[in-house]
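Peer 1: I'd like to go over a predicted model; first the sequence, then the structure.
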Amino acid sequence: MVTRDSISFVFSGSGSGTPVTPAEFVATIATLAPPGFGWLHLNRANAATPALLAEAGLDQFVIAALTADETRPRCTVHGNGVLLNLRGVNLNPDAEPEDMVSVRLWLEHQRVIGVWGRPLFAVQDLAETVTRGEAPRSPGDFVAKLALRLTDRAEPVVATLNEEIDTLEEAVIDPKGHVSRSRLGGLRRKAIVLRRYFVPQRDALTTLEIEDLGWLDAHDRTRLREAAERVQRFGEELDAIRDRAQIVHDQIMDNRAEAMNQRMLLLSIVSAIFLPLGLLTGLLGINVGGMPGVDDPRAFWVVCLALVVLGAGLVWMFRKLGLFRT
């Protein structure tokens, strides 16, 4: 049964599933014969969730782990079960994908009990496979399918980040291109946040894959290994995106420094040209006797012509020295 606050099914172990209510779950599992098992997934925000978990026979350590405010991916064997925390990209409307959503699971040979804080598309995908008659055949099959669904949902997000950094790299080498530093900073932040969860998630899946658990068969372990390798690849791609973003940032700084140097060079050349002209006009403007050309009406135009010739000569000299080259 799939509702806003819970998902609850009982599986036959042969690919079919029967919806039950959370209240019926415990009693149904108690009378279920192998290879059947059940799946109960609860909303952490529901006030009845802690009581349902306690009714299912979970101890306080497991209940506290499943209902914790913040979690990181991990795999911990506890008694006859496994506590598994994973993360999936947030594909909910108006949400940021890097604001990853946790899925907390308690896995035993005949039941899977999970808790969510926010809806996760990968969990909904798994519930939809049950309604299509493709239910998991064992807890190992369940967790392997879920791990692969999580990677399936994450792959387009990582691919989009790769496309964004490709676009920024092309823009930064284009003389007419413009790269927004805020856009670049946002891209780096996304890659860092995603990597923060993907790396421990790989370790959690690898730990689960090597644990000696009877409900994990060779096929389940192979798929868990595949999921861990895909998560490892995501982590490596996010490392590369972060490094490429740093290179783009350095290139932006180099371009800005080069543009600034060119402007400073231009200002220096202009100052060097007008410095002797200013000295000459200042010298001719001193208010003392004996200044040449004071009584000659042509003296002003002669001085102007001399300044033009001097200025042109200075420009020619600077060009000859290669100072106008960029």
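Peer 2: Ah, there it is.
Peer 1: hey, where'd the helices end up in the chain?
Peer 2: Assignment of helices within the chain using DSSP state H yields the ranges 22-30, 49-55, 60-66, 121-131, 139-173, 181-210, 218-284, 299-320.
Peer 1: Tell me where the model's unsure across the chain.
Peer 2: Residues of the chain that meet the criterion pLDDT under 70 lie in 1, 287-290, 293-294, 323-326.
Peer 1: This structure - how does it break down into domains?
Peer 2: Using automatic domain parsing, the domain ranges for the chain come out as 6-253, 256-286+293-320.
Peer 1: Adding mean neighbour count, write these out as TSV.
Peer 2: From N, CA and C alone the C-beta is placed, and that goes for glycine too. TSV is the format used below for the domains of the chain (neighbours: other CB atoms under 10 Å):
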stretch	mean neighbour count
domain 6-253	18
domain 256-286+293-320	12
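Peer 1: coming back round to it: for residue 14, find the nearest of the helices of the chain.
Peer 2: Evaluated over the helices of the chain, closeness to residue 14 peaks at helix 139-173, with 11.3 Å, by CB to CB.
Peer 1: mind checking how far the residue lying closest to residue 67 once chain neighbours are set aside is from residue 221?
Peer 2: Residue nearest to residue 67 in three dimensions, not counting chain neighbours: residue 44, with 5.6 Å by CB to CB, 6 or more residues apart in numbering. For residue 44, the distance to residue 221 equals 30 Å [CB to CB, to the nearest Å].
Peer 1: before we move on, back to that, mind putting the helices of the chain into JSON lines with distance to residue 8?
Peer 2: Listed next are the helices of the chain as JSON lines, based on distance: least, CB to CB, whole Å:
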{"stretch": "helix 22-30", "distance to residue 8": "5"}
{"stretch": "helix 49-55", "distance to residue 8": "10"}
{"stretch": "helix 60-66", "distance to residue 8": "15"}
{"stretch": "helix 121-131", "distance to residue 8": "10"}
{"stretch": "helix 139-173", "distance to residue 8": "14"}
{"stretch": "helix 181-210", "distance to residue 8": "23"}
{"stretch": "helix 218-284", "distance to residue 8": "22"}
{"stretch": "helix 299-320", "distance to residue 8": "83"}
